[in-house]
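Novice: Fold the following.
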Amino acid sequence: MQPLTYDMPKPMVKVAGKTLLEHKLDELPDEIEEVIIIIGYLGEQIKKYFGDDYFGRKITYVEQTELLGTGKALWLAKDKIRGKFISLMGDDIYARQDLEQCLAQDWAVLARKVQGPTRGGRIVLR
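Specialist: I've put the predicted structure just below:
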């Protein structure tokens with residue numbers, strides 16, 4: 001997303017008048033009462049913009065100084081996670097219906113089928 005992200009973190013890029021993070025927070029199902037945001041690159045901008053609350057949902061921040069992947073981010077937040085949770089990427093946009101379907105399961109992975117080679121992970125169904 002460069003050059004947009006030279007001076008702002010990706011979750012703060014605006015699309016259709018809202019940041020990517022606002023789009024994500026607005027799609028959270030009603031039963032989600034608290035949000036833990038892992039911040040890193042220019043994370044103070046996120047804290048300043050959102051503060052400790054977003055439309056009644058408490059926001060807690062955890063700082064990740066080294067980008068070592070999603071697993072490490074979850075590890076850093078482990079003491080703040082209580083019970084069932086969902087993990088979302090800061091620069092993706094999600095649909096409420098998909099998130100509700102994930103929450104209805106004990107375990108779930110939300111993925112999109114794509115054709116051809118791509119960057120990122122790969123899910124193999126057997």
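
Novice: Show me the strands in the protein, by range?
Specialist: Taking DSSP state E, the strands of the chain run over residues 14-15, 18-19, 34-39, 53-54, 57-63.

Novice: where in the chain is pLDDT low?
Specialist: When residues are selected by pLDDT under 70, those of the chain lie in 1-2, 4-5.

Novice: what do you get if the cut-off is 50, keeping everything else the same?
Specialist: For the chain, no stretch is flagged by pLDDT under 50.

Novice: Serialize the strands of the chain to CSV and add fields for distance to residue 77 and mean neighbour count.
Specialist: All C-beta spots, glycine's among them, are computed from the backbone N, C-alpha and C. Below are the strands of the chain laid out as CSV (distance: least, C-beta to C-beta, whole Å; neighbours: other C-beta atoms under 10 Å):
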stretch, distance to residue 77, mean neighbour count
strand 14-15, 26, 11
strand 18-19, 21, 16
strand 34-39, 5, 18
strand 53-54, 17, 14
strand 57-63, 5, 14
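
Novice: among those strands, which is nearest residue 74?
Specialist: Each of these has some distance to residue 74 by C-beta to C-beta; the shortest is strand 34-39, at 8.3 Å.

Novice: helices or strands up against that closest one?
Specialist: Contact analysis of strand 34-39 by 3 or more C-beta pairs under 8 Å, 6 or more residues apart in numbering; DSSP states H and E lists helix 43-50, strand 57-63, helix 70-77 as its packing neighbours.

Novice: can you tell me which of the strands of the chain comes nearest to residue 122?
Specialist: Nearest to residue 122 among the strands of the chain is strand 34-39 (23.4 Å), distances taken as C-beta to C-beta.

Novice: Sheet partners, orientation included, of the closest one?
Specialist: Sheet pairing for strand 34-39, assigned by DSSP bridges, gives strand 57-63 (parallel).
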